[in-house]
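Chemist: Give me a model of this one.
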Amino acid sequence: MNFSIQLQLENERIKLVPLTENDFDELYQVASDKEIWAQHPNKDRWQKEVFQQFFEGAIQSKGAFRIVDKTSGETIGSTRFYDYDELSNSILIGYTFYATHCWGKGYNPSVKKLMMDYIFQYVDKVLFHVGALNIRSQIAMTRLGAKKIAEQEISYFGELPKPNHIYEISKESNLSDAKV
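Modeler: Got it, this is the predicted structure:
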């Protein structure tokens, strides 16, 4: 891999700041809201010990970010790049969550566009794992222009496998018709 998956990225609305060990308390303050995880395959991630494991996976990925609202300076969630595949020239974007007060306000399209604008300089495809019962995230994927390409049992870091849908956005389709 001849590119970084954890450099600071920003646009007019948000900053993606590389996640560090020191960010745990601030990020857990957001993640401790049960409603964030209600449709997620891992519904107990709001619990501190469960979130600690999620956070460790984020740090070990070396591609995780703290999402910061530039207007308020507030940490509003997290996302990451992970599982670069040189053979298929693809990478995943995911493990994304936002504070509930940010839902439906355009943060997700802004974050995903920022990430894709950067990563499509290096890869041809971006993939997303979305929980099979996470209707909110599935709708968000289609709004981004992603196409569902498969269903698969996915094991998140240190967790049991859960059914997921796999979505894809190609560099070519992102340039021509993505809705971000």
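Chemist: The protein: helices as residue ranges?
Modeler: Secondary structure of the chain (DSSP state H): helices located at 24-31, 48-61, 107-119, 135-144, 171-177.
Chemist: Just give me the lowest mean pLDDT stretch among the ones you listed.
Modeler: Looking at those, the lowest mean pLDDT belongs to helix 171-177 (a mean of 71).
Chemist: deepest of the helices of the chain, which one?
Modeler: Highest mean neighbour count of the helices of the chain: helix 107-119, a mean of 19 (counted as mean count of other C-beta atoms under 10 Å). C-betas here are computed from N, CA, C, even on glycine.
Chemist: quick revisit: who wins for proximity to P41 among the helices of the chain?
Modeler: Closest to P41 of these, according to C-beta to C-beta: helix 135-144, at 10.4 Å.
Chemist: and I14, which of the helices of the chain is closest to it?
Modeler: Nearest of the helices of the chain (C-beta to C-beta): helix 107-119, 5.7 Å.
Chemist: So which residues make contact with that closest one?
Modeler: If you take C-beta atoms under 8 Å, 6 or more residues apart in numbering as the criterion, helix 107-119 is touched by 3, 5, 9-11, 13-14, 16, 67, 69, 76-77, 79, 81, 91, 93, 96, 98, 126, 140, 143-144, 169, 174, 178-180.
Chemist: Report the separation between K34 and K162.
Modeler: Separation of K34 from K162 (C-beta to C-beta, to the nearest Å): 18 Å.
Chemist: actually S155, not the one I typed
Modeler: 8 Å.
Chemist: more neighbours, the two?
Modeler: K162 (17 against 10; other C-beta atoms under 10 Å).
Chemist: which residues touch the closest residue in space to that one that isn't next to it in sequence?
Modeler: Distances taken as C-beta to C-beta, 6 or more residues apart in numbering place P41 nearest to K162, at 3.6 Å, with adjacent residues excluded. P41 sits next to 131-134, 156, 162-164 when contact means C-beta under 8 Å, 6+ apart.
Chemist: The strand ranked longest in the chain to helix 24-31, inter-axis angle?
Modeler: Using DSSP state E, we find that the single longest strand of the chain is strand 75-85. Strand 75-85 and helix 24-31 are oriented at 100 degrees to each other (axes from the mean of the first three to the mean of the last three C-alpha atoms, to 10 degrees).
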